[in-house]
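Asks: Mind looking at a prediction? Sequence and model below.
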Amino acid sequence: MDRIAVIGAILEQPGLSQNVFNETVSRYRSIVKGRMGIPFDDEDVAVIALTLRGDIDDINALTGKLGNLPHVTVKTAMSGVLNSPGEGEKS
């Protein structure tokens with residue numbers, strides 16, 4: 001059962017973690033629906049927001065992998081279970 005989720009990530013010293021961060025996100029591209037990144041060059045920090053739609057196990061797996069990267073902090077917000085197309089509609 002799918003959910004909508006947003007992962008917020010802060011990369012401190014992004015030069016040390018950005019490549020592996022991007023490679024990890026790429027492995028989950030089937031659930032990634034949007035991505036926004038904002039560099040704070042003067043502070044040597046990057047902020048990235050990922051919007052996802054997928055199974056809770058895939059969302060949690062991606063969150064865990066990103067959160068285990070050095071110099072990366074992540075937080076996730078997740079919706080309740082979504083209805084499948086046609087589910088919940090009355091004829």
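Replies: Alright, I've got the coordinates.
Asks: Tell me the helix or strand right after the lengthiest helix in the chain.
Replies: For the chain, the longest helix by residue count, based on DSSP state H, is helix 14-27. In the C-terminal direction, the helix or strand that comes right after helix 14-27 (DSSP states H and E) is strand 32-40.
Asks: What mean pLDDT does the longest helix of the chain get?
Replies: Average pLDDT, helix 14-27: 97.
Asks: buried residues in that helix?
Replies: 14, 17, 18, 21, 24, 25 (16 or more other CB atoms under 10 Å). (Each C-beta comes from the backbone N, C-alpha and C, glycine too.)
Asks: What score does the residue nearest to the first one when sequence neighbours are not counted have for pLDDT?
Replies: For residue 14, ignoring the flanking residues on the chain, the nearest one in space by CB to CB, 6 or more residues apart in numbering is residue 46 at 4.1 Å. At residue 46 the predicted local confidence, pLDDT, stands at 98.
Asks: And the contacts of the helix or strand harbouring residue 46?
Replies: Element membership for residue 46, per DSSP H and E: strand 45-55. Contact with strand 45-55 is made by 1-14, 18, 21, 25, 28, 30-40, 59, 62, 82, as judged by CB atoms under 8 Å, 6 or more residues apart in numbering.
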